[in-house]
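Student: predicted model and sequence follow; I will ask about them next.
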Amino acid sequence: MKKFLTALFIVGSLFFMSVANAETETYTGEGKATMSEAETQEQIIERAKTYALRNAREKAGVYIRSRSELRDLELVEDDIITMTAGVLKITDTQIEKTLVNDAIQVFGTVTVIIDSDELKRNIDDFINSHGNIHAENIPAAAVKFNYNGHRYKIIDTGLTWNDAKTYCENRGGHLVTITSGMEQAFIADLLRNYKGRYFGFWLGAEKVSGEWKWVTGENFGYMNFAPGEPNNSGNYLQIYGKPPIEYENYYTFSYWDDTSPDGTNSGVLTEHAFICEWDA
């Protein structure tokens with residue numbers, strides 16, 4: 001591997017606003033981006049700064065929801081909405097460029113402060129108009145994915161797709177939706193650590209009028225179907241966990257597959273566990 005060629009660029013304090021008689025808190029966000037052939041150095045620096053600022057916002061603000069849009073299988077919009085709008089101030093940005101295997105990687109660090117009193121007022125106003133933004137029924141064992149602030153839990157119970165969908169919704173969540181490679185990798189880690197007896201897990205998607213749709217209405221742009229899938233075996237989506245030894249050469253770990261609502265079309269996956277997701 002080539003030696004790293006590192007140059008540190010201090011962008012410096014963008015602005016700093018002192019807040020008299022107010023409680024303030026400081027957060028630091030980090031972001032990394034690798035330059036593509038179509039990007040300039042200025043563009044890759046801006047992308048790393050954007051990722052770092054998003055990370056700072058996640059740490060500083062109360063999470064509400066995420067928003068993403070894919071076009072031609074490329075992510076063109078990816079953002080989170082937090083309660084920090086209007087109360088978060090950037091105080092410092094640092095950019096470090098590193099050459100790794102002929103590709104420029106940019107590491108961004110953004111430091112921000114927030115007026116915690118004003119943030120509390122924003123939260124109170126939102127709760128008064130929309131209700132509590134935190135689902136009260138999220139299990140304590142649900143695992144948080146820091147990239148989007150959502151929480152996930154494998155439910156180790158065999159149910160049909162419709163019953164699993166109802167189960168999650170009755171507890172303030174929904175059957176898991178996977179809309180990016182990062183979220184797919186996170187779910188794969190959950191399945192890798194799963195110790196139960198199931199190896200088919202429901203995802204929150206069904207095929208309607210020939211098109212796959214997530215139960216949340218999110219864009220069905222990201223896909224991770226197994227080779228040869230979907231093969232029109234059914235209108236509901238499953239993801240594979242670790243199969244029993246006798247089937248390990250047939251099922252591909254963490255890939256998706258279409259199946260019937262009770263999961264019996266394969267002759268093996270007669271019961272499915274599932275994953276619930278909570279957006280807050």
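Tutor: Cool, got the structure. Numbering: from 1, shown residues only.
Student: what about stretch 167-175, start to end distance?
Tutor: Its start and end residues considered, stretch 167-175 measures 9 Å (CA to CA, to the nearest Å).
Student: quick one: the helices in the stretch 101-250 of the chain, in order.
Tutor: Taking DSSP state H, counting those that start in this stretch as the criterion, the stretch 101-250 of the chain contains helices spanning 116-130, 161-170, 181-192.
Student: possible to save those as JSON lines with mean neighbour count, distance to Y222 and mean pLDDT?
Tutor: (Glycine included, C-beta is placed from N, CA and C.) What follows is the helices of the stretch 101-250 of the chain, written out as JSON lines (neighbours: other CB atoms under 10 Å; distance: least, CB to CB, whole Å; pLDDT from 0 to 100):
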{"stretch": "helix 116-130", "mean neighbour count": "14", "distance to Y222": "28", "mean pLDDT": "65"}
{"stretch": "helix 161-170", "mean neighbour count": "17", "distance to Y222": "20", "mean pLDDT": "87"}
{"stretch": "helix 181-192", "mean neighbour count": "16", "distance to Y222": "7", "mean pLDDT": "92"}
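Student: let me know the helix or strand that A48 is in.
Tutor: helix 41-60 (DSSP states H and E).
Student: same question for I95.
Tutor: Assigned by DSSP H and E, I95 falls in strand 88-100.
Student: C-alpha coordinates for that strand, PDB please?
Tutor: Taking C-alpha atoms only, strand 88-100 is exported to PDB below (Å, rounded to 0.1, in the frame of the first residue of the first chain):
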ATOM      1  CA  LEU A  88     -27.200  25.200  15.900                       C
ATOM      2  CA  LYS A  89     -24.200  27.400  15.100                       C
ATOM      3  CA  ILE A  90     -21.000  26.200  13.400                       C
ATOM      4  CA  THR A  91     -17.900  27.400  15.200                       C
ATOM      5  CA  ASP A  92     -15.100  25.500  13.500                       C
ATOM      6  CA  THR A  93     -14.500  23.200  10.500                       C
ATOM      7  CA  GLN A  94     -11.400  21.200   9.700                       C
ATOM      8  CA  ILE A  95     -10.600  19.200   6.600                       C
ATOM      9  CA  GLU A  96      -7.900  16.600   6.200                       C
ATOM     10  CA  LYS A  97      -7.100  15.200   2.700                       C
ATOM     11  CA  THR A  98      -5.400  11.800   2.400                       C
ATOM     12  CA  LEU A  99      -4.300   9.800  -0.700                       C
ATOM     13  CA  VAL A 100      -5.100   6.100  -0.400                       C
END
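Student: nearest to E248 among the helices of the stretch 101-250 of the chain would be which one?
Tutor: helix 181-192 (13.9 Å; CB to CB).
Student: now the closest one: how far from the chain's centre is it?
Tutor: On the basis of CA atoms, centre = their mean, to the nearest Å, helix 181-192 is displaced by 10 Å from the centre of the chain it belongs to.
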